[in-house]
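**Q** how does the following fold in three dimensions:
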Amino acid sequence: MDHSNNHKINEAKKYASGAPLSNNKKEKRENIAKNIVEQARFRDARQGSIEELPSTRLERLVLNNCETLKATFPQKGGAKPHEIDLTFLLKFPGLCDKFTQGFMKWGSNVAPNSRENIIGDLRRNWFKFLTEKNLSLITLDKIDEQIMAGFNQWLHRRTLKNGNPLNPNTIKTALCNLKIVLQSAPGGRELGEMVPRGPRLAHLKSNPTKVLTIDELMAVVAAIEKEVLALQERWDTGRKLLEQGKQFISEGKVLEPTPKKSNSASCSVENLALTLAIVDQRYPANLPDQDIITNDDPLLGATIQHAFGSGTISNYLYANGRDLVPLVLSIAVATAFNPDTVLALEWKNIDRKVDRLSNGRNSVQIKAIESEEAENAEFEEFQDKCSPLVKLTGNKPRASRQLVRLLDPDASGPGQVNLNLVLDLIFEMTARIRPNVIDEFYTDRIFLFVQTVCSKLPKGYGSSLKGPSSDRVWYNSLQRFVLDNNLSPLSLKSLRATMLDYVQLFNQGDLEAAREIGNHKNRITTWTHYTSDLVKRLLQEAVGESMIVRGRWLDTKGSIDPRKFREWTDKGCATPGWACLDPFDSPRPNQRNGRLCTAYGECPDCPLAAARIGNPRNVMLYEALRRAIYRSILRVTSVVWQQRWAPVLAALDQLLALIPSNVLDESRKLTVDLPDVG
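**A** Residues are numbered from 1 along each chain as shown. Model prediction:
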């Protein structure tokens with residue numbers, strides 16, 4: 001037996017009972033008690049320090065006579081652990097333990113936003129179903145296939161606030177999340193197999209994301225350009241005022257002693273410049289709260305509060321959430337990135353010095369140069385004219401590869417907003433606040449702003465738990481942008497869908513081109529999620545038109561083939577080089593109403609035909625038709641030729657007489673033959 005331990009225990013009892021102790025013994029006992037207290041504090045601090053959690057933890061506490069349940073998950077790299085409130089599970093005592101165990105087991109290896117999503121989904125669906133059916137006290141062993149089927153029917157009958165039923169994908173997700181937690185819970189694997197699979201093909205959208213019309217898109221672009229140019233003007237004005245204010249400080253000038261809105265001297269440009277310079281010197285980061293400024297300098301605080309307002313001062317120093325909206329949208333239009341990808345862009349993924357020559361954008365014409373100096377001078381002149389390209393690499397979670405865009409930063413007209421202007425403005429308006437971001441998570445983000453409510457600290461959009469596009473600051477700022485510019489409802493998601501839609505439209509329905517831009521693994525994703533009904537209808541019409549034209553090509557045994565001259569002719573017209581006002585209602589003999597015209601060679605004498613006499617390539621085809629008509633004399637009788645082709649030839653000659661001589665000379669440099677008529 002350890003006598004020293006017994007001795008310590010006995011002495012501690014004497015100390016606790018209040019018995020008198022000698023000075024040495026008393027000092028010794030005080031040291032023992034002090035050590036015990038310090039160890040207890042260290043143990044409590046270590047257990048309560050969420051940064052040092054070795055594994056997940058479930059806490060059940062009573063606060064203010066209310067019982068709470070909280071799950072805590074450690075984060076990698078010593079980051080602040082993720083906490084989730086599970087108190088609502090206490091209303092289901094028969095399921096609480098099993099569901100918390102299943103959730104803790106599954107949630108230990110997933111991202112924080114996945115945990116938030118699955119808990120929120122279970123609360124909105126499964127546990128709400130149990131509450132409505134008076135099954136709050138049910139235990140796991142009492143759940144059977146009948147209850148599972150009832151939950152499935154409940155999901156299918158449930159409606160949203162607008163009266164619409166749940167999306168099939170929402171139903172499938174609700175069932176899948178229930179199955180995940182049940183199969184992770186002790187004894188719940190067999191029960192998880194009872195969960196219905198949900199609607200088939202639920203992951204395929206029946207309606208794609210709504211896109212903007214061309215007029216709506218142009219209105220958005222115009223609003224972006226207007227606000228970006230206004231931002232640039234305001235920022236340049238702020239730089240000039242700041243320099244002017246620094247000059248005033250060096251000259252010994254001071255602020256106006258009685259700052260009021262009614263006092264013109266207090267609201268003057270000179271006083272504003274001086275205020276900006278003083279704020280710049282005293283607060284090198286963001287502007288603090290008004291009471292802090294007033295305590296530090298009452299006159300400065302009164303000037304900001306009564307003469308200008310803190311918003312006016314901060315607008316000249318750094319960006320707020322509303323300022324960033326046109327800058328974000330300009331990047332979104334240029335890249336067609338996902339919403340979260342745009343808002344979470346980082347400077348390390350933007351290369352503004354990509355050589356054009358290395359990317360095949362320009363080619364140098366090699367010439368014989370007399371000296372090496374002349375060669376160097378020509379190359380330097382070429383480099384001066386060709387600014388580098390900008391390479392933007394966006395991070396898209398779950399994607400098989402990164403999103404990359406190679407853009408020309410100067411691809412805009414005079415006086416228009418270009419990518420260089422936008423990137424420079426973003427960098428300058430966020431440089432001041434970048435060193436003071438509230439979390440290292442935002443350090444390299446290109447989009448930073450200072451919160452105007454709560455703690456006025458710089459941050460980026462979103463957090464480690466929620467995506468940037470779900471940030472309320474972004475949502476509210478975007479809505480103000482829409483209202484300020486009288487635009488149609490807008491989101492980054494609809495803007496991306498619009499850009500991918502027009503990629504297909506401008507590439508003759510090339511779904512692969514849109515898939516590449518959207519960085520989609522499967523073309524079916526592009527078709528179902530990012531192809532509007534308008535483009536689908538246009539593509540279907542194009543397919544039907546191609547089938548009709550091919551049928552006419554077969555009927556005429558190849559005489560009418562617009563594929564050879566698609567750039568200079570109308571596919572609906574029977575003769576190459578011409579345009580037709582109504583190819584399905586031809587007035588020519590032997591043509592049927594509602595059928596595509598097959599009167600090859602007869603267009604010069606048709607009232608529905610139109611000619612392009614200013615295009616040498618079209619004129620080339622008109623002269624080729626004249627030769628084909630003359631060749632037909634050997635194939636038909638003279639009576640038939642006089643009745644059918646002589647009027648056509650006369651009309652064609654009248655047309656050729658109207659062609660300018662320079663166009664006619666240019667056309668005769670080209671040669672082409674058309675099939676014989678008749």
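
**Q** in this structure, which helix or strand is least confident?
**A** helix 523-530 (a mean of 37; mean pLDDT, DSSP states H and E).

**Q** helix/strand/coil for the closest residue to N485 other than its chain neighbours?
**A** Distances taken as Cβ to Cβ, 6 or more residues apart in numbering place A223 nearest to N485, at 3.9 Å, with adjacent residues excluded. From N, CA and C alone the C-beta is placed, and that goes for glycine too. Classification of A223 using DSSP: H, G, I helix; E, B strand; the rest coil returns helix.

**Q** try E623
**A** Once three-state DSSP is applied, E623 turns out helix.

**Q** pull out the buried residues from stretch 337-350.
**A** 337-347, 349-350 (16 or more other Cβ atoms under 10 Å).

**Q** do stretch 55-63 as well
**A** T56, R57.

**Q** just the residues contacting it, thanks.
**A** Contacting residues not belonging to stretch 55-63 are listed as 67-74, 86, 100, 104, 107-108 [Cβ atoms under 8 Å, 6 or more residues apart in numbering].

**Q** out of those residues, which are buried?
**A** For these, buried by 16+ other Cβ under 10 Å: L69, A71, T72, F73, P74, L86, T100, M104, G107.

**Q** which ones among the residues you listed map onto helices?
**A** Applying DSSP state H to the buried ones among the contacts of stretch 55-63, the entries found in helices are T100, M104, G107.

**Q** sort those residues by pLDDT and name the bottom one.
**A** Looking at those by pLDDT, the weakest one is G107, with 86.

**Q** confirm for me that that one is in contact with F73.
**A** Yes: using Cβ atoms under 8 Å, G107 is in contact with F73, at 6.2 Å.

**Q** overlap in contacts, these two.
**A** Counting by Cβ under 8 Å, 6+ apart, the residues touching both G107 and F73 are T56, I84, R115.

**Q** mind checking pLDDT for the second one?
**A** What that stands for is I84. Predicted confidence (pLDDT) for I84: 88.

**Q** so what's it closest to, chain neighbours aside?
**A** A71 (4.8 Å).

**Q** what residues are bridge-paired with that neighbour?
**A** Note on A71: beta-bridge partners L58, I84, judged by DSSP bridges.

**Q** which residues are in contact with it?
**A** Contacts of A71 by Cβ under 8 Å, 6+ apart are T56, R57, L58, E59, E83, I84, L86, T100, F103, M104, G107.

**Q** do L492 as well
**A** Applying Cβ under 8 Å, 6+ apart, the residues near L492 are V328, L329, A332, N338, P339, V342, L343, S469.

**Q** okay, these in a markdown table with secondary structure and distance to C96 next?
**A** Output for the contacts of L492, formatted as a markdown table (DSSP: H, G, I helix; E, B strand; the rest coil; distance: Cβ to Cβ, whole Å):
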| residue | secondary structure | distance to C96 |
| --- | --- | --- |
| V328 | helix | 43 |
| L329 | helix | 46 |
| A332 | helix | 44 |
| N338 | coil | 38 |
| P339 | helix | 37 |
| V342 | helix | 41 |
| L343 | helix | 38 |
| S469 | helix | 34 |
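
**Q** and which of those residues is nearest F584?
**A** A332 (42.5 Å; Cβ to Cβ).

**Q** and the pLDDT for the residue nearest to R189 when sequence neighbours are not counted?
**A** Once flanking residues are discounted, R189 sits nearest to Q183: 5.2 Å by Cβ to Cβ, 6+ apart. pLDDT, Q183: 89.

**Q** all strands of the stretch 251-400 of the chain, in order?
**A** Using DSSP state E, counting those that start in this stretch, the strands found in the stretch 251-400 of the chain span residues 350-354, 389-394.

**Q** please identify the deepest-packed of those strands.
**A** strand 389-394 (a mean of 20; mean count of other Cβ atoms under 10 Å).

**Q** and that strand, which strands flank it?
**A** When DSSP bridges is applied, strand 389-394 pairs with strand 350-354 (antiparallel), strand 403-407 (antiparallel).

**Q** quick one: closest of those to P435.
**A** Once these are compared by Cβ to Cβ, strand 350-354 is nearest, at 19.4 Å.
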